[in-house]
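Q: what's the 3D shape of this:
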Amino acid sequence: MTRRRLLLSSFLAVLWLIPVSGAGQGGASTARPGLDGIWNSGTATPLERPTQLKDKAFYTPEEAAEWERQMAQRNQEPSSTAAAKSTGTGTYNTFFREFGSRTVKTLRTSIVTDPPDGRIPALTPEAAETKRRLLDAMENPASAQDTGLQDRCLAFVTAGPPMLPYSYNSNYQILQTSDAVVIYAEMNHDTRVIYLDGRPHLPSTIRLWMGHSIGRWEGSTLVVDTTNYNDKGWIATNVASGRIKGIPQSEALHVTERFTRVDGATIQYEITIEDPNIYTRPWRVAFPLYKDANARVFEYACHEGNYAMTNMLSGARAQEKADEEAKQQK
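A: From the prediction side, this is the model:
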């Protein structure tokens, strides 16, 4: 069986376990706004407000158009120039990237809506120290465990929750039934099941990479509550406006999502992130998901032709050898 057929079979197996009939919470799914389809999270609006904009929370329409023009120009540059530096990699040129071309309809200068400065809250002292140690280890990894989750193809922050925009593979396929909503992320081919049948969260002794999600309808808005995370995942801090930087999450992470279908082609997606072990205060994000009838979710095969891990480790050993030889020559 090919990898693509195996992936599709696994995805369908998950769907087979979810009932498509029955009362569920709040009645039949036909009475709720339809969320089915393939949705894209790409946007030209950065996660955090650019420092040069300071307290400017909103663009004028003219400023938004100029920002979109600048982003389009940047995204057309070869990977060896400023575009590569801004994304933190020269491994992919911009042909393979799918940066969003539009700012959010609200004309916000960041998709972080709270704190008011449009920036991620400060880390707790303990979390800042943990992040510093991780970044130091990544500069000279002693083993694969010292590298980032992306490098190890373990889990990408975009699969969520929270589902934050990235520079490619930003599609999400949603299937909705009376008792559950399934979200299949193109990035890292992860599948989330959001239960709508009134069940409680799992016992606190059970911890998952993507947490445990239960949902309820508040009018036309699907509200999703996710807990039971493990402490192994990361949340991206600023992928849309610079190099991806990860903040390790803790088991105390609590994510609340709101999906509101505002028109035939748009879901307003809002997120509240709370992790008192990591952040000094909760923070919120809001941006639209756009429906694309022509979109397809393609296979994500992270390890195929991936030489990054061996190259990083061999490079670190070569650097250690060079440093040792330099010491001996002094």
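Q: the bottom helix or strand of this protein by mean pLDDT?
A: None of the helices or strands of the chain scores lower by mean pLDDT, DSSP states H and E than helix 82-87, at a mean of 44.
Q: Could you double-check that Tyr168 sits in contact with Gly100?
A: No: proximity of Tyr168 to Gly100 does not meet the contact threshold set by CB atoms under 8 Å, at 10.7 Å. Any C-beta I mention is one placed from the backbone N, CA and C, and that applies to glycine too.
Q: neighbour count winner among those two?
A: Gly100 (23 against 16; other CB atoms under 10 Å).
Q: For that one, list the residues it contacts.
A: Applying CB atoms under 8 Å, 6 or more residues apart in numbering, we find Gly100 in contact with 40-45, 165, 170, 240.
Q: What about the closest residue to Ala185 other than its chain neighbours, how many residues nearby?
A: Excluding its sequence neighbours, the residue lying closest to Ala185 (CB to CB, 6 or more residues apart in numbering) is Ala159, at 4.1 Å. If you count neighbours by other CB under 10 Å, Ala159 ends up with 26.
Q: Check Ala159 and give its pLDDT.
A: pLDDT for Ala159: 71.
Q: do the same with Val223
A: Val223 carries a pLDDT value of 98.
Q: so what's it bridging to?
A: Arg216, Arg258 (DSSP bridges).
Q: Run a quick check on it versus Arg258, I expect a contact.
A: Yes: contact criterion CB under 8 Å: Val223 and Arg258 qualify, at 5.5 Å.
Q: Show me the helices in the protein, by range?
A: 3-16, 61-75, 82-87, 125-139, 308-329 (DSSP state H).
Q: Nearest to Ile214, out of these?
A: Closest approach to Ile214 among those is made by helix 3-16 (16.6 Å; CB to CB).
Q: Let's test this: mean pLDDT of the closest one, rounded?
A: What helix 3-16 shows for mean pLDDT is 47.
Q: now stretch 106-123
A: pLDDT averaged over stretch 106-123 gives 91.
Q: What lies in contact with it?
A: 43, 45-50, 53, 55-61, 64, 104, 128, 131, 165, 237-238, 240, 247, 270, 278-287.
Q: Okay, buried residues for that stretch please.
A: 106, 108-113, 115, 118-121, 123 (16 or more other CB atoms under 10 Å).
Q: next one: stretch 64-78
A: Quick answer for stretch 64-78 (16+ other CB under 10 Å): 64, 67-68, 71, 74-75.
Q: same check, this time on stretch 258-276
A: Those would be 258-261, 267-273, 275, for stretch 258-276 by 16+ other CB under 10 Å.
Q: Outside of it itself, which residues are in contact with it?
A: Counting by CB under 8 Å, 6+ apart, 33-35, 39, 41, 105, 113, 124, 161-163, 220-224, 235, 249-250, 252-257, 279, 282-291 sit against stretch 258-276.
Q: Off-centre distance for that stretch?
A: 14 Å (CA atoms, centre = their mean, to the nearest Å).
Q: Surely Pro33 touches Val181?
A: No: with contact defined as CB under 8 Å, Pro33 does not reach Val181; the gap is 11.4 Å.
Q: neighbour-wise, which of those two wins?
A: Neighbour totals were compared for Pro33 and Val181, and Val181 leads with 23 against 16 (other CB under 10 Å).
Q: so what's the more buried one scoring on pLDDT?
A: Reported pLDDT at Val181 in the predicted model: 96.
Q: contacting residues around it?
A: Listed by CB under 8 Å, 6+ apart, the contact partners of Val181 are 35, 174-175, 193-194, 196, 215, 222, 224.
Q: one step back: and which of the contacts of Gly100 is nearest Asp146?
A: Closest approach to Asp146 among the contacts of Gly100 (CB to CB): Ala240, at 26.3 Å.
Q: Quick check, pLDDT for the closest one.
A: Turning to Ala240, the model gives it a pLDDT of 42.
Q: Then the one 4 residues further on?
A: For Ile244, the pLDDT comes out at 44.
Q: same deal with Ile278?
A: 92.
Q: Could you do the one 5 residues further on as well?
A: The score at Trp283 is 95. That number is its pLDDT.
Q: Specify the beta-bridge partners of it.
A: Ile273.
Q: quick one: it from Asp55, how far?
A: In this view, Trp283 and Asp55 are 17 Å apart by CB to CB, to the nearest Å.
Q: the more surrounded of those two?
A: Trp283 (18 against 9).
Q: can you tell me how far that one sits from Arg102?
A: Applying CB to CB, the value for Trp283 to Arg102 is 23 Å.
Q: Likewise for Glu186?
A: Counting by CB to CB - Glu186 and Arg102 are separated by 19 Å.
Q: shared neighbours, Val223 and Arg258?
A: Common neighbours of Val223 and Arg258 (CB under 8 Å, 6+ apart) do not exist.
Q: isn't Arg216 right next to Arg199, touching?
A: No: judged on CB under 8 Å, Arg216 makes no contact with Arg199 at a distance of 11.2 Å.
Q: Could you check which of these two has the larger neighbour count?
A: Using other CB under 10 Å, the more surrounded residue of Arg216 and Arg199 is Arg216, with 14 against 11.
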